[in-house]
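J.: here's my sequence, what's the structure:
(one chain, ligands or ions: 1)
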Amino acid sequence: MKALTNINATSFSDAASAAQQARQQGHAVAFSGGGTDLLQQIKDGTDLADVIINLRSVADGRAIESDGAGVSIGGLVTLTELSEDPLVNSGLSAIAQAAGSVGTPQIRNVGTMAGNVTQRPWCWYYRNGFNCFKAGGDECFSVNGENGQHAIFGGGPSYIVHPSDVAPALVAFDAVFQVTGPNGDREVSAEDFFLLPITNPERENSLVENELLTGVRIPAVSANTVSTYHKIMDREAWTHAEVGVAAVIQRDGNEVQNAKVVLAGVAPIPWRVQAVEDFLAGQQISAAVAREAGEIGVQDAQPLSNNAHKLPMVTSAIEQAILNLAAG
Ligand SMILES: Cc1cc2nc3c(=O)[nH]c(=O)nc-3n(C[C@H](O)[C@H](O)[C@H](O)COP(=O)(O)OP(=O)(O)OC[C@H]3O[C@@H](n4cnc5c(N)ncnc54)[C@H](O)[C@@H]3O)c2cc1C
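T.: This next block holds a predicted model:
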């Protein structure tokens, strides 16, 4: 069995420095939030880390706070805390619902917001030792192989789907991603944080070596904002989204003023469906409008040989999310 060294970081910047130092000494390094994804990856050999920087010993990054300009969510807030927080439940319901939909209570009790957003893909080729793009190779085996759960939007050259439930809800609220590394802190917009495989087929986000996600900042939302997260799974519980949708709407009575609609489980990044957002703006919400929005949601989809079943799922997930919002 391979030997692992555990380093208990005392702060995010301490974690970044420890990672840099270990890499300079020739080690492969990984950060561990709750470890619910990472430890499985180490067992499976998809993460080759021999030094684990443990973030459970870090005191910062554990608060959810509002300061009038918006809400800050620390990277080490657990998914249970996120799903139960009164502030998040009152103004940012889609985030609370997305966090509450993840895996099992045990996973939510230790899994962190940052770990959820930065978890690696669960593609069966990547997780089972194939030398694909994600493993540093130069092929996506799903293209001519088993692609039932792969991307219908934004694929190529890799067709993984982004696995996080929380990330689409954060994107729908225009979250700003807070990052720290050996060179200091930086903030990244939701648009720039996640990377399509055409930009970098090996990574899903713009974090570079030794950088950590320390938290997110959600800009203040207006009082007439409503939101929801609707998730469809291939079994009743304890698994990733086959299709999910985070919808955030500002409305005046029954009229939509502005909408953000972001899909989970269908693309290598949380997938914004701008055509649906444009269609919804100015509409009176009704069953017919919700249905049409769902149909518009798949207009640009490009299914692979075995995943066209996701199209009606996307249509109905968008329709259901909008009906949920109409029902309050
Ligand atoms: C049975 C099962 C079901 C699951 N179901 C779902 C589901 O329905 N929805 C879903 O979204 N996920 C699901 N997951 C995936 C995942 O375990 C959880 O989402 C969890 O939130 C990950 O958080 P963590 O803190 O445990 O991450 P970790 O395992 O600690 O880390 C995950 C990855 O992120 C990196 N990382 C961790 N923290 C940071 C940081 N602060 N900065 C930079 N990188 C970091 C790690 O190095 C690792 O690569 C499931 C997992 C299992 C085993």
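
J.: near the ligand, which residues of the protein? Just list them.
T.: Within the chain, the positions near the ligand by C-beta under 6 Å from any ligand atom are 30-38, 55, 75, 79, 102-103, 107, 111-112, 114-116, 118-120, 163-165, 207, 212-213, 238-240. Yep, even glycine has a C-beta here, placed from its N, CA and C like the rest.

J.: can you tell me the centre-most residue of this protein?
T.: In the chain, the centroid-proximal residue (C-alpha atoms, centre = their mean) is residue 167; its distance is 2.7 Å.

J.: could you say which helix or strand holds it?
T.: Assigned by DSSP states H and E, residue 167 belongs to helix 166-172.

J.: pull up the pairing partners for the very next helix or strand once past that helix, direction included.
T.: Note on helix 166-172: by DSSP H and E, the next helix or strand toward the C-terminus is strand 176-181. Next to strand 176-181 in the sheet, as set by DSSP bridges, lie strand 184-189 (antiparallel), strand 212-219 (antiparallel).

J.: low pLDDT regions in the protein?
T.: In the predicted model of the chain, residues 1 satisfy pLDDT under 70.

J.: domains in it, by residue range?
T.: 5-57, 64-118+160-219, 225-326 (automatic domain parsing).

J.: span of the second one from start to end?
T.: For domain 64-118+160-219, the separation between the terminal residues is 13 Å (C-alpha to C-alpha, to the nearest Å).

J.: what do you get for stretch 23-33?
T.: 19 Å.

J.: and that stretch, which residues are buried?
T.: For stretch 23-33, a neighbour-count test (16 or more other C-beta atoms under 10 Å) marks 29-33 as buried.

J.: got a list of contacts for it?
T.: Stretch 23-33 is contacted by residues 5, 15, 19, 22, 38-39, 41-42, 47-56, 75-76, 111-112, 114-115, 209-210, 212 when judged by C-beta atoms under 8 Å, 6 or more residues apart in numbering.

J.: give me the buried subset of these.
T.: By neighbour count, with 16+ other C-beta under 10 Å, the contacts of stretch 23-33 hold 15, 19, 22, 38, 41-42, 47, 49, 51-55, 75-76, 111-112, 114-115, 210, 212 as buried.

J.: now this protein against the ligand: closest residue?
T.: residue 115 (2.2 Å; C-beta to the nearest ligand atom).

J.: before we move on, which element is that residue in?
T.: Going by DSSP H and E, residue 115 is in helix 113-118.

J.: could the C-alpha coordinates of that helix be exported in PDB?
T.: Extracted in PDB, the C-alpha atoms of helix 113-118 (Å, rounded to 0.1, in the frame of the first residue of the first chain):
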ATOM      1  CA  MET A 113     -18.900  23.700  -0.600                       C
ATOM      2  CA  ALA A 114     -15.400  24.100  -2.200                       C
ATOM      3  CA  GLY A 115     -14.900  20.300  -2.500                       C
ATOM      4  CA  ASN A 116     -18.300  20.000  -4.200                       C
ATOM      5  CA  VAL A 117     -17.500  22.700  -6.700                       C
ATOM      6  CA  THR A 118     -14.000  21.300  -7.400                       C
END
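
J.: residues in contact with that helix: which ones?
T.: Contacts of helix 113-118 (C-beta under 8 Å, 6+ apart): 32-38, 55, 61, 73-79, 82, 99, 102, 164-167, 170, 177, 204-205, 207, 212-216.

J.: tell me the first helix or strand C-terminal of it.
T.: helix 124-127.

J.: got the phi/psi numbers for residue 46?
T.: phi -80, psi -20 (degrees, to the nearest 10).

J.: let's have the chain start at 53 instead
T.: Okay, residue one is now 53; in that scheme the one you just asked about reads as residue 98.

J.: ok, now which ones touch it?
T.: 172, 178-179, 181, 186-187.

J.: in whichever helix in the chain runs longest, what counts as buried?
T.: Longest helix of the chain, by residue count under DSSP state H: helix 362-378. Using 16+ other C-beta under 10 Å as the test for burial, helix 362-378 gives 362-363, 365-378.

J.: so what does it touch, helix or strand wise?
T.: In this structure, helix 362-378 packs against strand 277-284, strand 295-304, strand 307-316, helix 339-348, with contacts taken as 3 or more C-beta pairs under 8 Å, 6 or more residues apart in numbering; DSSP states H and E.
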